[in-house]
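*Asks:* Sequence and computational prediction follow.
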Amino acid sequence: MEQLLSKILEKITNTKPGIVCAAAFFVVALLLCIFGFWKTLFIIIFTVVGFFVGSFLFSDVSKFKKMLDRILPPGRFR
């Protein structure tokens with residue numbers, strides 16, 4: 001999976017920015033046509049939040065363990 005993502009990222013970085021932005025706005029336009037404004041906004045917000053949670057918390061295992069210890073104290077549930 002990581003190799004696939006690195007190939008996709010490499011292809012995007014070698015592509016002109018105009019084409020990347022056009023593709024991104026095309027996807028947003030399709031979402032707006034299919035789901036409507038509020039549902040599309042909901043999807044975009046959760047996608048951005050998921051990206052930040054994944055990139056910041058899961059990049060460092062100790063941060064993820066500290067967050068789990070705050071939510072589920074070690075002596076109680078684990």
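*Replies:* Good, I have the coordinates.
*Asks:* helix/strand/coil for F58?
*Replies:* When classified by DSSP: H, G, I helix; E, B strand; the rest coil, F58 comes out as coil.
*Asks:* Can you report how many residues lie near it?
*Replies:* By other Cβ atoms under 10 Å, 10 other residues sit near F58. From N, CA and C alone the C-beta is placed, and that goes for glycine too.
*Asks:* what's the distance between it and F52?
*Replies:* Using Cβ to Cβ, to the nearest Å, F58 is found at 11 Å from F52.
*Asks:* Can you give the domain ranges for this structure?
*Replies:* 1-29, 36-78 (automatic domain parsing).
*Asks:* could I get those domains as TSV with mean pLDDT?
*Replies:* Listed next are the domains of the chain as TSV, based on pLDDT from 0 to 100:
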stretch	mean pLDDT
domain 1-29	84
domain 36-78	82
